[in-house]
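In: Got a predicted model here, sequence first, then my questions.
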There are 2 protein chains.
Amino acid sequence: MTNLPDTMFAVVQTHDGYSGTATGPTLETASDWLAEAEVPLPSPGPGQVLIQLRTASVNPSDIHFIKGEYGQPRVKGTAAGFEGCGDVVATGAGAEALQGQRVAFVAAGAGAWAEYVVAQAQMCIPLRPDISDEDGAAQIVNPLTAMAMVDIARDVGDAFVVSAATSQLGKLMCSLGRDLGLKPIALVRRADTVDTLISLGAAEVLVTGDPDAARQFADISANLKPRVFLDAVADQLSEQIFCAMPNGARWVCYGKLSSELPKLTQMGQLIFMSKQIEGFWLTRWMMETPPADQLRVVAEVQARFADGRWKTDISERLTLRDVVQGLADALKKSDGKVIITP
Amino acid sequence: MTNLPDTMFAVVQTHDGYSGTATGPTLETASDWLAEAEVPLPSPGPGQVLIQLRTASVNPSDIHFIKGEYGQPRVKGTAAGFEGCGDVVATGAGAEALQGQRVAFVAAGAGAWAEYVVAQAQMCIPLRPDISDEDGAAQIVNPLTAMAMVDIARDVGDAFVVSAATSQLGKLMCSLGRDLGLKPIALVRRADTVDTLISLGAAEVLVTGDPDAARQFADISANLKPRVFLDAVADQLSEQIFCAMPNGARWVCYGKLSSELPKLTQMGQLIFMSKQIEGFWLTRWMMETPPADQLRVVAEVQARFADGRWKTDISERLTLRDVVQGLADALKKSDGKVIITP
């Protein structure tokens, strides 16, 4: 660890634990939750690496986490941010093979919005040289989730439903579904995004604000028979969508963009139609999926970014020192990702 | 089919299809839904048998069905009733082996509340001579459901939760759980049933009307770590129970005694705690479970009734000609089954 500083600049959390609220992944003022700090350089333990940051991304899960509304407790004073890309500059026992490599990573403990980050070696993916640092910043959370969830859909039929389809993850799933010969049914809020989704690969696009949306979906469902609903919204319309799906449908919730608490209006469908409601969490997928299968998926992800089938749409770039001041405004621009650089 | 009459007495449904309501398995006046009729004797098709009724039982699912609130549509003019016991007096092609046998059955098409009933041969179970006609009337729906659902619980831990635990099915599951070395946690409405449930095999009993019930359950859950919730109620307290269960918990809904529509207050638990919500339907279990496994379960059920470990608590006996007049009052007596005889 020669030539490394003793301290680093980081965007740190100002609260501990959970907030007990459920207000969704939006920020009024980042300074309610985050502060700038000069903190000691973290040190990699066994099986861990220290990464000098090149780029970090901002995912909805980061905002849930910052606000104490994610499934893991905050630790006050530690850096925010789950995902990024950088160079391995020090390694703990057993992680030496990654020394010097440029990797995409998901942070462990202290977060990615800092000049240096500690990550578990198995949460690091060495990057091909033809992947840019900006694509590298969003190489794991969304792309692996897309691959894993579309796999769930592919196992049970050829049509599937994607909510919040204009999100980065939604777009990845629509294009991946199309490339695999499946029929993605995209749910979007704004009618002006319909053409984009069709060109990306959606077989059908439904505008959720349309008062007739539930009936329209019933027609689409009767026609295409989607068996899997990959849902990041989880509001009452989500429940109606699920109820309009055929026998054996699975409502796979991977996010909670809406703060509405959906009512279960048709419990009988769980009984008589073999429907079920479940969740998807990438961390669990990475823990439970055999390494060989993960490597195959990772290689496919990088190939898709390298040849341009997938790309990261960027709405705003912020330096670490701009985050507390500028993040709330940056997030207001839709249809792209905020990228953070040192 | 010599010596068989051309017509028979039956208690028939007076409505078609579904009602679109969800009012639960109670009856104000049976004549709103049922009528007495002399109808043509049904004829068994291929793979079917004709049964002369000895006894039929009244399950909550019968009441749901009569009211058009079950997962299958009614057919006006056909007999009500799913389950009973009787003698096979005629057989269709392929079902000859059952001729002359006394069987427990689940009816197909026309129902069990009639002097004669048609059933699929694979929905008939020949009865040991030491099983009484009254136990035979309730040999399939509750006992097989109990066996199958406790199997689900046993696969994932040693504690499980049973709602509506004073129902026949609830009592079967508590005693079966205890006999298998498991720890049933019983939910009951009335405090005066706690001792009965403890003596039947419940490790813990929670009175759902207690304003402190959710907190009490949280303590029980932290202690016993139940992973499966076998739920016939599906109200908001059910959802709270599910939310207080540990990682990996499964809410298995097999009934809808409450007309309340539960809100999902903790979608994040599906994501981060691998929880899921699903249904159980005996008909599907019978279609999907290999015959050898079903035979093993059926043999165990009969052994339990024959040696007295299980018995059918009877609250009232009605003849077919008393049903329209007397069923509503008979159902008001709790903690036992109504048995119908010709």
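Out: Done, it's in. Residues are numbered from 1 along each chain as shown, chains lettered A, B, ... in the order given.
In: Next up, the contacts around residue A:333.
Out: Residue A:333 makes contacts with A:315-316, as judged by Cβ atoms under 8 Å, 6 or more residues apart in numbering or on different chains. Glycine gets a C-beta too; all of them are placed from N, C-alpha and C.
In: and it, how far is that from residue A:209?
Out: 20 Å (Cβ to Cβ, to the nearest Å).
In: which residues of the stretch 51-200 of chain A score low on pLDDT?
Out: A:109 (pLDDT under 70).
In: And the residue of it closest to chain B?
Out: Going by Cβ to the nearest Cβ, chain B is nearest to residue A:71 of the stretch 51-200 of chain A, at 2.9 Å.
In: Let's verify that residue: helix, strand, or coil?
Out: Under DSSP: H, G, I helix; E, B strand; the rest coil, residue A:71 falls in the coil class.
In: was I right about it contacting residue B:270?
Out: No. The criterion here is Cβ atoms under 8 Å, and residue A:71 misses it with residue B:270 at 10.0 Å.
In: thinking again about what came up before, give me every residue that touches the residue of the stretch 51-200 of chain A closest to chain B.
Out: A:281, B:268-269, B:271-273.
In: What values do phi and psi take at it?
Out: With angles defined as degrees, to the nearest 10, residue A:71 sits at phi -80, psi 10.
In: Quick check: residue A:49 vs residue A:118, distance?
Out: From residue A:49 to residue A:118 the distance is 7 Å (Cβ to Cβ).
In: Which one's more surrounded, these two?
Out: residue A:49 (29 against 23; other Cβ atoms under 10 Å in any protein chain shown).
In: Quick one: residues contacting the residue of the stretch 101-250 of chain A found nearest chain B.
Out: Closest contact between the stretch 101-250 of chain A and chain B, by Cβ to the nearest Cβ, is at residue A:234 (4.7 Å). By Cβ under 8 Å, 6+ apart, the contact set of residue A:234 is A:253, A:255-258, A:260, A:262, B:264, B:267.
In: how about the residues of chain A near chain B?
Out: Listed as neighbours of chain B in chain A under the rule Cβ under 8 Å from any Cβ of the partner chain: A:69-72, A:234, A:253-256, A:261-265, A:267-281, A:284.
In: so of those, which ones are in helices?
Out: Among the residues of chain A next to chain B, the residues falling in helices (DSSP state H) are A:267-272, A:284.
In: quick one, helices of chain A?
Out: Under DSSP H, chain A gives helices at A:60-66, A:133-136, A:141-156, A:168-179, A:194-200, A:213-224, A:236-243, A:267-272, A:282-288, A:291-306, A:323-332.
In: nearest to residue A:84, of the ones you listed?
Out: The minimum distance between residue A:84 and the helices of chain A falls on helix A:133-136, with 8.0 Å, by Cβ to Cβ.
In: Would you mind listing the outside residues contacting the closest one?
Out: A:54-55, A:85, A:102, A:104, A:127, A:305, A:311-312, A:314, A:339.
In: Next, the buried residues of it.
Out: A:133-136 (16 or more other Cβ atoms under 10 Å in any protein chain shown).
In: what's the answer for stretch A:203-211, then?
Out: A:203-208.
In: In TSV, list these along with pLDDT.
Out: As requested, the buried residues of stretch A:203-211 are exported to TSV (pLDDT from 0 to 100):
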residue	pLDDT
A:203	97
A:204	97
A:205	97
A:206	96
A:207	96
A:208	95
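In: so who does residue A:256 touch?
Out: A:22, A:24, A:64, A:232-234, B:267-268, B:271 are the contacts of residue A:256 under Cβ under 8 Å, 6+ apart.
In: Report the rounded mean pLDDT for stretch A:226-235.
Out: If you average the pLDDT over stretch A:226-235, you get 97.
In: Check the offset of that stretch from the chain's centre.
Out: 15 Å (Cα atoms, centre = their mean, to the nearest Å).
In: and if you look at stretch A:320-336?
Out: Using Cα atoms, centre = their mean, the offset of stretch A:320-336 from its chain centre is 17 Å.
In: Then stretch A:206-221?
Out: Centre to centre, stretch against its chain (Cα atoms, centre = their mean), the figure for stretch A:206-221 is 26 Å.
In: Likewise for stretch A:332-342?
Out: On Cα atoms, centre = their mean, the centre of stretch A:332-342 falls 13 Å from the chain's centre.
In: can you pull the buried residues of that stretch?
Out: Buried-residue list, stretch A:332-342, by 16+ other Cβ under 10 Å: A:337-342.
In: How about stretch A:101-112?
Out: A:101-108, A:110-112.
In: go on, stretch A:8-28?
Out: For stretch A:8-28, by 16+ other Cβ under 10 Å, it's A:8-15, A:22, A:24-25, A:27.
In: Among these, which ones are in strands?
Out: A:8-13 (DSSP state E).
In: Let me have these in a markdown table, extended by pLDDT.
Out: Listed next are those as a markdown table, based on pLDDT from 0 to 100:
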| residue | pLDDT |
| --- | --- |
| A:8 | 97 |
| A:9 | 97 |
| A:10 | 97 |
| A:11 | 97 |
| A:12 | 96 |
| A:13 | 96 |
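In: Show me which of those residues is closest to chain B.
Out: For these, the nearest to chain B is residue A:13 (18.3 Å; Cβ to the nearest Cβ).
In: hang on, the closest one packs against residue A:72?
Out: No. Between residue A:13 and residue A:72 there is no contact under Cβ under 8 Å: 11.7 Å.
In: quick one: contacts for residue A:251?
Out: Residue A:251 neighbours (Cβ under 8 Å, 6+ apart): A:229, A:231, A:238-239, A:242, A:275-278.
In: switch to 7 Å and redo it
Out: The contact partners of residue A:251, taken as Cβ atoms under 7 Å, 6 or more residues apart in numbering or on different chains, are A:229, A:231, A:242, A:277.
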